[in-house]
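Student: I'll drop the sequence and a predicted model, then ask my questions.
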Amino acid sequence: MTERPRVWVSRPTYPDVLARLQPYCEVGSEPAERKFSAAELAARLADCDAAIVGLKERIGAAEIAGARRLRIVANLAVGHDNLDLAALSAAGIAATNTADVLNESVADFAWALLLGAARRVGAAERWLRAGHWQSTEFKAWLGMDVRGRTLGILGMGRIGQAIARRARGFGMDVLYHNRTRLPVAVEHECNARAVDKSALLRDSDFLVLALPLTPQTRHAIGAAELACMKAQAVLVNVARGGVVDDAALAAALREGRLAAAGLDVFEGEPRVHADLLALDNVLLSPHIASATIGTRRAMTAVAVDNVLAWFGHGPHAGRPPNLLNPVVLAAAATFPHQEPTR
Ligand code: GLV
């Protein structure tokens, strides 16, 4: 009898969802959330055939150097800037993400930040909890109207589109900028118009970032871009830290060159730039845009489906549905030990 593939899960998830692996694999889940050193990560990867990991696990050539049996890394996230796809592909290791199942939760949360930043929800709550509410004043805590304003979206993938669709209820004009223009039917459905980046920066009252972090998008919003935005504008980031230059953003918010921001992601998180923490016109959350019970379960299920598929089980046997590096399919023949079990 051949040994069953070993699956390492880097954090507690949903045992009943992982149970679908059990007929085919040995599953070992970490009992608690923690940050692994590169050496600890390398040791764990060296001892499994599949790894279900999250954003805290940064996996590149060094971490997989000794991972002789590793065949698939399933990321519990849609973003995959924590994975070095070139290194994984070169080693014939499949990489997958959790695209799609989190679109709606992330879009909801982008709107929560947008509305919360526009209406100063975080600062007002802090003020109330601090016991400052002695009387209700007509002109206190004035915020910005959202209805009828212009929403700009930078990065119009499926999350950006879900954000755009929600703008109908607010009667907004929707502009977007994306690497490639969307099909006209999708633009129509999202009620969104493609513009160049400078027009997006210039015309948006609310600018939401929903683009992946890549070397090309690092600091896509920096001092120069912030200088092009309206002083009354609100910036929302549900994409990745690093897409925004946080120091430049804090300076713009402090100096009144930007009205407010809602941020779920940060450069160097979980550390948050001290200048942002010091400001009242920024609403902060700890990278939780996809954090609903339903969505986190669905993300776990997608990772499980991808692992099962790579080992030759289920409806997608042999071809994980969220494969990020299809080159490994062709390469499987030259890496006999990597070939999916059928
Ligand atoms: C979360 O940030 C994700 O990429 O899924």
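Tutor: Good, I have the coordinates.
Student: Could you count how many residues lie near residue 104?
Tutor: By other Cβ atoms under 10 Å, the residues close to residue 104 number 19. For glycine as for every other residue, the C-beta is placed from the backbone atoms N, C-alpha and C.
Student: For it, what are phi and psi?
Tutor: phi -70, psi -40 (degrees, to the nearest 10).
Student: can you give me the strands for the stretch 201-342 of the chain?
Tutor: Using DSSP state E, counting those that start in this stretch, the strands assigned to the stretch 201-342 of the chain run over residues 206-209, 234-237, 260-263, 282-284.
Student: Partner strands of the third one and their direction?
Tutor: It stands for strand 260-263. strand 234-237 (parallel), strand 282-284 (parallel) (DSSP bridges).
Student: Nearest to the ligand among those would be which one?
Tutor: strand 234-237 (10.9 Å; Cβ to the nearest ligand atom).
Student: what about dumping the CA coordinates of the closest one to PDB?
Tutor: Extracted in PDB, the C-alpha atoms of strand 234-237 (Å, rounded to 0.1, in the frame of the first residue of the first chain):
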ATOM      1  CA  VAL A 234     -11.700  59.400   1.000                       C
ATOM      2  CA  LEU A 235      -9.300  56.500   0.300                       C
ATOM      3  CA  VAL A 236     -10.200  52.900   1.100                       C
ATOM      4  CA  ASN A 237      -7.700  50.100   0.900                       C
END
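Student: what about that strand, average pLDDT?
Tutor: Average pLDDT, strand 234-237: 99.
Student: Can that strand be said to contact the ligand?
Tutor: No. Using Cβ under 6 Å from any ligand atom, strand 234-237 stays clear of the ligand, with a minimum separation of 10.9 Å.
Student: can you list contacts of that strand?
Tutor: If you take Cβ atoms under 8 Å, 6 or more residues apart in numbering as the criterion, strand 234-237 is touched by 110, 113-114, 117-118, 144, 205-209, 221, 226, 229, 243-244, 249, 258-265.
Student: Show me what from this protein comes close to the ligand.
Tutor: Contact residues (Cβ under 6 Å from any ligand atom) of the chain with the ligand: 77-79, 102, 290.
Student: at 5 Å what do you get?
Tutor: Selection of the chain residues close to the ligand by Cβ under 5 Å from any ligand atom yields 77-79.
Student: Export the residues you listed as JSON lines, with columns for pLDDT and neighbour count.
Tutor: Below are the residues of the chain next to the ligand laid out as JSON lines (pLDDT from 0 to 100; neighbours: other Cβ atoms under 10 Å):
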{"residue": "77", "pLDDT": "98", "neighbour count": "20"}
{"residue": "78", "pLDDT": "98", "neighbour count": "21"}
{"residue": "79", "pLDDT": "97", "neighbour count": "19"}
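Student: Inside helices: which ones of those?
Tutor: Using DSSP state H, no member of the residues of the chain next to the ligand falls in helices.
Student: With respect to residue 161, which of those residues is nearest?
Tutor: residue 78 (13.4 Å; Cβ to Cβ).
Student: what's next to the longest helix anywhere in the chain, contact-wise?
Tutor: Determined from DSSP H, the single longest helix within the chain is helix 293-310. The set of residues external to helix 293-310 that reach it, using Cβ under 8 Å, 6+ apart, is 7, 13-14, 17-18, 20-21, 24-25, 50, 52, 71-72, 74-77, 94, 96, 98, 101-102, 104-105, 290, 314-323, 340.
Student: What residues sit buried inside it?
Tutor: Within helix 293-310, the residues that qualify as buried are 295-296, 298-310, counting by 16 or more other Cβ atoms under 10 Å.
Student: How about stretch 148-157?
Tutor: Going by neighbour count (16+ other Cβ under 10 Å), the buried part of stretch 148-157 is 149-157.
Student: for stretch 13-26, same thing?
Tutor: Buried residues in stretch 13-26, defined by neighbour count with 16+ other Cβ under 10 Å: 13-14, 17-18, 20-21, 24-25.
Student: Off-centre distance for it?
Tutor: Computed by Cα atoms, centre = their mean, to the nearest Å, the chain-centroid distance of stretch 13-26 equals 25 Å.
Student: Would you work out how far apart the start and end of it are?
Tutor: 16 Å (Cα to Cα, to the nearest Å).
Student: for the worst-scoring helix or strand of the chain on mean pLDDT, which positions count as buried?
Tutor: Lowest on mean pLDDT, DSSP states H and E among the helices and strands of the chain sits helix 327-331, with a mean of 89. Under the neighbour-count criterion of 16+ other Cβ under 10 Å, helix 327-331 has 327-329, 331 buried.
Student: Pick out whichever of those residues sits closest to residue 285.
Tutor: For those, the residue nearest residue 285 by Cβ to Cβ is residue 328; the value is 35.2 Å.
Student: residues touching the closest one, list them.
Tutor: Neighbouring residues of residue 328 by Cβ under 8 Å, 6+ apart: 88-89, 92-94, 338.
Student: Name the nearest residue to it, sequence neighbours excluded.
Tutor: Nearest residue to residue 328 in three dimensions, chain neighbours excluded: residue 94, at 4.9 Å (Cβ to Cβ, 6 or more residues apart in numbering).
Student: same check, this time on residue 122
Tutor: Looking at residue 122 with Cβ to Cβ, 6+ apart, the closest residue is residue 283, at 4.3 Å.
Student: same check, this time on residue 221
Tutor: Nearest residue to residue 221, sequence neighbours excluded (Cβ to Cβ, 6+ apart): residue 244, at 4.5 Å.
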